[in-house]
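1. Test case, fold it:
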Amino acid sequence: MTAVITERLKKDFIQNVWDDLADSAQTFYIGVGYSQSWGDGDTALTPKTSREWERSIRENAMAIKLVADYSFVVPRYDWSAGTIYSAYDDTLQGHPVTPYYVLTDENQVYICIERGTDASGNPQPSTVKPTGSSINPFYNAADGYTWKFLYTIGSLSASKYLSANYMPVKLQGQLDSDGAGGITSTAADVQQKGIQDSATNGQLSGFILDSGGIGYTTSPDVIIRGDGTLGSAIATVVGGAVTKIAFEQDSNNVAKLGQNYNYADVLIGTVVPGGGAGASARIKLGPEGGFGADPRDDLRARAIMLNVKPDGIETGEWPIDVSFRQIFLWKNPLQSDSSGGTGVAFTEAAGNALDRLQITNITTDFSVGYIVTGATSGARAFISKTDSDELWIHQTAATGFGVFDSDETISDSSGGAGKIKNSGLIRIPGKINRYSGEIFYVENRAAVERDADQVEDIKLIIEI
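-> Have a look, this model is predicted:
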């Protein structure tokens, strides 16, 4: 027995993630960790999905930042002259190797309804960049491509979600108002809302020629049958066979995609046979609601990008002059006992997970990434940050979870040496309870060095 997960279910799954992110009762944080080397060559290890690996993520966590920015995203394909593009096809699953939508250098997004072909039906490259923001699909006779404008990526969205490989896509909701009838939404949002509201339900999206037939001396008629109206197409004949079927255009070069079709088929040469027989084709139907009604459907969005930009020390919560090698997504962490009490949700904009070991009498500086060891207790911990009177540390299964003694001598394997304070609280817990909340995602990578002037742009993608 074979089975598949439908596109509808994939969409529902990713929508559930979106709804969770939008729920004010839930908090999501992107965090970094693993300050020590991966080992020989410091080559990132392949993450696993075991419970042991999840514990390792928690044990190696250094700092987290609240996720406030997120967007649906799809693979990015820049329009380039001389490239052959495919057209929207209702038989496609996911995103094809040959893209059917493009992003222009004005950050405008267009979907290809029909690609250009020569008289024999062979695909031709796109030579004219799609432009404009018409609500209608438009045909360009120079290269034969029919495009439909979907939306413009605004500058703020571009700065947060546009990357080398992905671009944002959204369903534009109600526009913002100033309360006196004026619209305060961005121009890009207003433009997209207009495209969505003007979408035509039940459009056709093209034709697949199954057989060209034989004996045609002139073009046969093309009849579209179905429960919709106004769809219109013409056939081209070369060498006695039908070589392509394409939409007709009106006097304004607007393709006649029709409206309100839930089903349709095509008949060739039933009234005007054109002297031949045997040509047959299949009709492709457009997305529900019509092109532009929901660009997430048009572009098959099944991924969400979460974006944070940790800035330097982040009010003292993020260590600097240290590398991280792991990025993770953490849902609903709790505060540690020292910072808020058992069971209290952590809701600050940023926080650290590192304990701070109080030290004194430093004779030789300690070094980040090395293991500090207590001379009498035998306790060991990784050093993630050094200050004049404390070490920011974390312990893992590799170091063990021993307890340091007050007033004991400590040293690290780089030669660092000093002593633990001889009284009071010698180890101050980090702000976050490492073993609370849920870890949803982890990515291992090569070391990324942090410094006080650095702003990381972390883009995390969840894809179904």
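
2. Please count neighbours and contacts with C-alpha atoms only from this point.
-> OK.

3. Per-residue pLDDT of Pro316, please?
-> In this structure residue 316 is Gly, not Pro. On pLDDT, Gly316 comes in at 89.

4. now swap in Val368 and tell me
-> Listed pLDDT for Val368 reads 90.

5. how distant is stretch 111-129 from the center of its chain?
-> Distance of stretch 111-129 from the chain centroid (C-alpha atoms, centre = their mean, to the nearest Å) equals 29 Å.

6. and that stretch, which residues are buried?
-> 111-117, 121, 124-129 (16 or more other C-alpha atoms under 10 Å).

7. contacts for that stretch?
-> By C-alpha atoms under 8 Å, 6 or more residues apart in numbering, the surrounding residues in contact with stretch 111-129 are 79-88, 100-102, 104, 137, 140, 142-150, 205-206, 236-238, 243-244, 246, 298.

8. do that again at 6 Å, thanks
-> 81-84, 87-88, 100-101, 143-148, 205, 243-244 (C-alpha atoms under 6 Å, 6 or more residues apart in numbering).

9. for this structure, longest helix please?
-> Longest helix in the chain by number of residues, with DSSP state H as the criterion: helix 7-22.

10. what mean pLDDT does that one have?
-> Across helix 7-22, pLDDT averages out at 89.

11. Which of the helices or strands spans Gln192?
-> For Gln192, the enclosing helix or strand under DSSP states H and E is helix 187-197.

12. What would that helix look like as PDB? C-alpha coordinates only.
-> Provided in PDB are the C-alpha atoms of helix 187-197 (Å, rounded to 0.1, in the frame of the first residue of the first chain):
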ATOM      1  CA  ALA A 187       2.400  51.100  -0.100                       C
ATOM      2  CA  ALA A 188       3.400  47.500  -0.700                       C
ATOM      3  CA  ASP A 189       0.700  46.200   1.600                       C
ATOM      4  CA  VAL A 190      -1.900  48.400   0.000                       C
ATOM      5  CA  GLN A 191      -0.900  47.200  -3.400                       C
ATOM      6  CA  GLN A 192      -1.000  43.600  -2.500                       C
ATOM      7  CA  LYS A 193      -4.400  43.900  -0.800                       C
ATOM      8  CA  GLY A 194      -5.700  45.400  -4.100                       C
ATOM      9  CA  ILE A 195      -4.300  42.400  -6.100                       C
ATOM     10  CA  GLN A 196      -5.900  39.900  -3.600                       C
ATOM     11  CA  ASP A 197      -9.300  41.600  -3.700                       C
END
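
13. For the stretch 51-200 of the chain, which segments are assigned as helices?
-> Remark: helices assigned in the stretch 51-200 of the chain by DSSP state H, counting those that start in this stretch are 51-60, 155-161, 187-197.

14. which of the contacts of stretch 111-129 count as buried?
-> Burial by neighbour count, judged by 16+ other C-alpha under 10 Å, picks out 84, 87-88, 100-101, 143-148, 205, 243-244 from those.

15. and which of these is nearest Lys256?
-> Of all those, Ser205 has the smallest distance to Lys256: 9.8 Å, by C-alpha to C-alpha.
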